[in-house]
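Q: Please find the sequence and the predicted model below.
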Amino acid sequence: MQTGWTAQRWTEVFAEQADMFRKAVGDADLTTAVSTRIGWTLQDLVVHVARFLETATGYLRTGSRVQMGPPPVPGTLSPLEYLDLQLTAANEIMPAVPGNRPVWTFSPAAPDLAWVWHRRIAHEMTLRRFDVQATLRQLVPTSPDLAADGIDEVLTTIVAAKLDSDVPNTASGVAVVRPSDVPESWHVAFSPGEMPEVRAAAPGEEGTASVSGEAELLYYWLWNRMTINTASGDSQLLQVLQVGKGH
């Protein structure tokens with residue numbers, strides 16, 4: 001499925017989310033423990049975001065067709081200096097690279113095109129903005145359309161990457177993800193050893209596992225940031241859908 005988004009729109013989302021993230025960490029005590037990521041401080045979160053941006057924009061900048069190693073964390077910059085350097089670079093690189101530029105991507109279910117990185121950068125920034133705002137109890141809502149696109153990224157791209165690298169794919173069955181406040185819904189079919197097959201769920205269609213609710217709630221549930229009481233059915237499938245453990 002595609003939700004009609006473009007590289008330009010993901011770039012705009014990144015800039016908006018990055019601005020909120022930077023303002024929040026700039027006013028915070030960086031030794032504060034992150035409430036959504038056990039064992040991390042806000043300083044760890046800042047360094048993670050900066051390093052992620054350096055890695056992700058490296059693919060956009062170079063057009064590398066092979067996987068590159070992650071960059072080392074610079075020892076000569078403070079965490080906020082490192083963050084500012086990478087935020088500036090991302091704001092310059094993302095709008096300059098067309099979404100159809102060939103480049104290595106991280107999921108066997110994704111095309112090797114730059115827009116996959118535009119999307120990943122936008123949603124990683126959204127997730128990390130959520131982390132810092134939740135920690136500081138300054139959380140602002142995520143729009144339903146952004147959340148719906150994030151759900152689509154998880155189900156069409158991130159789940160396949162998780163099954164390809166982290167855990168053996170023994171899942172079998174159908175999961176239906178149905179937000180209550182956007183028109184999109186998803187039917188995800190799992191077979192052992194194969195990539196999930198994702199399509200739009202038909203009205204009233206059921207699966208061996210299902211989850212429903214507002215798009216924002218489902219988005220952050222998939223990333224293990226929120227709990228819900230509307231998930232039912234096969235517990236193994238529900239665990240596969242939740243990609244945010246340790247992230």
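A: Okay, I see it.
Q: Give me the contacts around stretch 234-247.
A: Where contact means CB atoms under 8 Å, 6 or more residues apart in numbering, the residues beyond stretch 234-247 that reach it are 127, 154-155, 158-159, 162-163, 167, 170-171, 173-175, 177, 188, 190, 207-209, 211, 221-225, 231. Glycine gets a C-beta too; all of them are placed from N, C-alpha and C.
Q: try it again with 7 Å
A: For stretch 234-247, contacts defined as CB atoms under 7 Å, 6 or more residues apart in numbering pick out 154, 158-159, 162, 171, 173, 175, 190, 208-209, 222-225, 231.
Q: Determine the set of other helices and strands touching the helix or strand hosting residue 210.
A: According to DSSP states H and E, residue 210 maps onto strand 209-213. If contacts are counted by 3 or more CB pairs under 7 Å, 6 or more residues apart in numbering; DSSP states H and E, strand 209-213 sits against strand 173-179, strand 232-233.
Q: Any quick PyMOL command for the buried ones out of the contacts of stretch 234-247?
A: Selection of buried members from the contacts of stretch 234-247 for PyMOL, criterion 16 or more other CB atoms under 10 Å:
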select buried, resi 154+158+159+162+171+173+175+190+208+209+222+223+225+231
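Q: what's the closest of the contacts of stretch 234-247 to residue 71?
A: residue 158 (22.1 Å; CB to CB).
Q: How far off centre is whatever helix or strand residue 218 lives in?
A: Element membership for residue 218, per DSSP H and E: helix 215-222. Taking the mean of its C-alpha atoms, helix 215-222 sits 11 Å from the chain's own mean (CA atoms, centre = their mean, to the nearest Å).
Q: what helices or strands is that helix leaning on?
A: Judged by 3+ CB pairs under 7 Å, 6+ apart, helix 215-222 is in contact with helix 144-153, strand 173-179.
Q: Identify each buried residue in the helix or strand following the longest one, please.
A: Past helix 144-153, heading to the C-terminal end, the next element that is a helix or strand (DSSP H and E) is helix 159-165. Of the residues in helix 159-165, 159-163 count as buried by neighbour count, 16+ other CB under 10 Å.
Q: Quick one: find the helix or strand in the chain with the lowest mean pLDDT.
A: Least confident helix or strand, the chain: helix 159-165 with a mean of 89, by mean pLDDT, DSSP states H and E.
Q: would you put the C-alpha positions of that one in CSV?
A: Output of helix 159-165 as CSV, limited to C-alpha atoms (Å, rounded to 0.1, in the frame of the first residue of the first chain):
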residue,chain,number,x,y,z
VAL,A,159,8.2,-5.7,9.8
ALA,A,160,9.9,-7.3,6.8
ALA,A,161,13.3,-5.8,7.9
LYS,A,162,12.7,-7.2,11.4
LEU,A,163,11.9,-10.7,10.2
ASP,A,164,14.9,-10.6,7.8
SER,A,165,17.5,-9.7,10.4
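Q: List the contacts of that helix.
A: Contact with helix 159-165 is made by 106-109, 169, 195-196, 240-241, 243, as judged by CB under 7 Å, 6+ apart.
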